[in-house]
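A.B. asks: next input, structure requested:
(one chain, ligands or ions: 1)
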Amino acid sequence: MFAGNLTLTVGDFRMASGDFRFDSDGVTALFGRSGSGKSTLLRAMAGLDRHTRGQLRFHDEVWQDGRRGLPAERRDIGMVFQHAALLAHRTVRGNLDFAATRAPTDRGAAIDRDQIIERTGIGPLLDRAVGNLSGGERQRIAIARALVGKPRVLMMDEPLAALDWRAKAELLDLFETVIRDFGIPTVMITHAPAEVERLADRVVFMSEGRVERVETLKEALGRVDSPLFTEEGPVASLDGHVEHVDGDPHRLRFVTTPQTGTGQPVTFHLGADGSTTEHGPRRLRVRADDVALARKRLDNISMQNQLPARIERIDTSAPGRRAVFLTLDDGQRLVSEVTDRAVADMGLDAGQAVIALVKSAALAR
Ligand SMILES: Nc1ncnc2c1ncn2[C@@H]1O[C@H](COP(=O)(O)OP(=O)(O)OP(=O)(O)O)[C@@H](O)[C@H]1O
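C.D. replies: Have a look, this model is predicted:
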């Protein structure tokens, strides 16, 4: 649990968070426009700026009380920034060694170093000099280095922002598994809704230097005016796991994890063209644009996924457009965006049973 109320002035900018409180387990995304104060809040929480004032507690520990801040090194935070500042005169291994010497001996996550190297995929890089590594490789090392330091919390400031799309997709997959498997509470700044939807358990929305609201991901994806929807429109995120169909490496299916006591898993057929090829727990994001609706099952159409659903509610998402929030059998939510006209022509209404039609390729994005 993080709870506090912090202020920090840098240049002309004043961050005054107001009271905030959020669970620290899993992944917390700090989300907001450029200049809304996300980095300033993170620096204040990490104890990286001595001008920080106010209150901050991490569980029962006081990290900030007025002018007095617990020194950053006693907070046991693993920091990852947009550009990894690696020690240039050392190899990758040397960078990890250095981080290990600074790890607290009595606290923090006891993660096996070999396991960190294996999970971050940096084994082949260990003897390389850090000078000529790619951006993606550098970020893998930055994560590994942060973990070797036995952090109690990981704090990441736009760790994917500087990468090309392929490295971004790979690292997003890596974060998803590494953060979950090692179970380290993570606070991550991003302004990419897709990263929030794939990784976050909750979202701290920042605006004009203050914490505007804190929502679970489910709440943040459940309102049509969500700031997460400004770029691509409404999106749903579904928890489940990926399997190959009968061992066929080119055909995948995603089986959801029921979120309610009575729910039944829901199976999606995945296109084989996406980045998602590994088995295991996954979160998929499904854009409302990629979900069509029918009142009953259809034959002879190319869309592979026809999922029984119930209409939870229908909201206006944009002029002439409606977001239809759906509940699947597993209790999780999907959202479809359709025109006003479609709602009227099909007679759609809350409580109705419908079939959600989802393109297979759509699931891999
Ligand atoms: N050291 C500094 N000196 C002067 N102004 C600063 C300093 N650091 C940040 N600022 C200003 O404070 C404001 C908030 O910056 P901050 O980096 O916290 O925002 P952000 O939400 O993280 O933005 P972005 O997404 O662009 O990184 C910005 O207007 C920025 O220019």
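
A.B. asks: what pLDDT does the one residue in the stretch 51-200 of the chain that gets nearest to the ligand get?
C.D. replies: Residue of the stretch 51-200 of the chain nearest the ligand, by Cβ to the nearest ligand atom: H191 (5.4 Å). Every C-beta, even on glycine, is put in place using the N, C-alpha and C of the backbone. With respect to pLDDT, H191 scores 88.

A.B. asks: would you list the phi and psi of it?
C.D. replies: phi -120, psi 20 (degrees, to the nearest 10).

A.B. asks: can you offset everything so residue one is 250?
C.D. replies: Yep, numbering from 250; the last one is H440 now.

A.B. asks: what about it, neighbour count?
C.D. replies: The number of residues packed near H440 is 18, by other Cβ atoms under 10 Å.

A.B. asks: wait, it touches F280, no?
C.D. replies: Yes - if you go by Cβ atoms under 8 Å, H440 and F280 touch, sitting 6.7 Å apart.

A.B. asks: now the strands for the stretch 350-499 of the chain?
C.D. replies: Ranges of strands in the stretch 350-499 of the chain, per DSSP state E, counting those that start in this stretch, are 402-406, 435-439, 451-456, 459-465, 484-494, 497-505.

A.B. asks: turn those strands into CSV, columns for distance to E527 and mean neighbour count.
C.D. replies: Output for the strands of the stretch 350-499 of the chain, formatted as CSV (distance: least, Cβ to Cβ, whole Å; neighbours: other Cβ atoms under 10 Å):
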stretch, distance to E527, mean neighbour count
strand 402-406, 22, 24
strand 435-439, 20, 24
strand 451-456, 26, 22
strand 459-465, 26, 18
strand 484-494, 7, 19
strand 497-505, 10, 17
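
A.B. asks: if you average pLDDT over each of those, which is lowest?
C.D. replies: Lowest mean pLDDT within these: strand 497-505, a mean of 83.

A.B. asks: just checking, what packs against the helix or strand that that one is followed by?
C.D. replies: Later in the chain than strand 497-505, the nearest helix or strand by DSSP states H and E is strand 516-519. Judged by 3 or more Cβ pairs under 8 Å, 6 or more residues apart in numbering; DSSP states H and E, strand 516-519 is in contact with strand 497-505, strand 554-567.

A.B. asks: columns distance to the ligand on top of these, output as CSV?
C.D. replies: Shown next, in CSV, are the helices and strands packed on strand 516-519 (distance: least, Cβ to the nearest ligand atom, whole Å):
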stretch, distance to the ligand
strand 497-505, 32
strand 554-567, 25
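
A.B. asks: dump the ones you listed to CSV, plus distance to G482.
C.D. replies: Shown next, in CSV, are the helices and strands packed on strand 516-519 (distance: least, Cβ to Cβ, whole Å):
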stretch, distance to G482
strand 497-505, 21
strand 554-567, 7
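
A.B. asks: anything in contact with each of H440 and F280?
C.D. replies: K287 (Cβ atoms under 8 Å, 6 or more residues apart in numbering).

A.B. asks: out of the strands of the stretch 350-499 of the chain, the one nearest R536 is which?
C.D. replies: R536 sits nearest to strand 484-494 of all the strands of the stretch 350-499 of the chain, at 5.2 Å, using Cβ to Cβ.

A.B. asks: helices of the protein, start to end?
C.D. replies: 287-295, 341-350, 362-369, 384-397, 414-431, 442-448, 466-469, 589-595 (DSSP state H).
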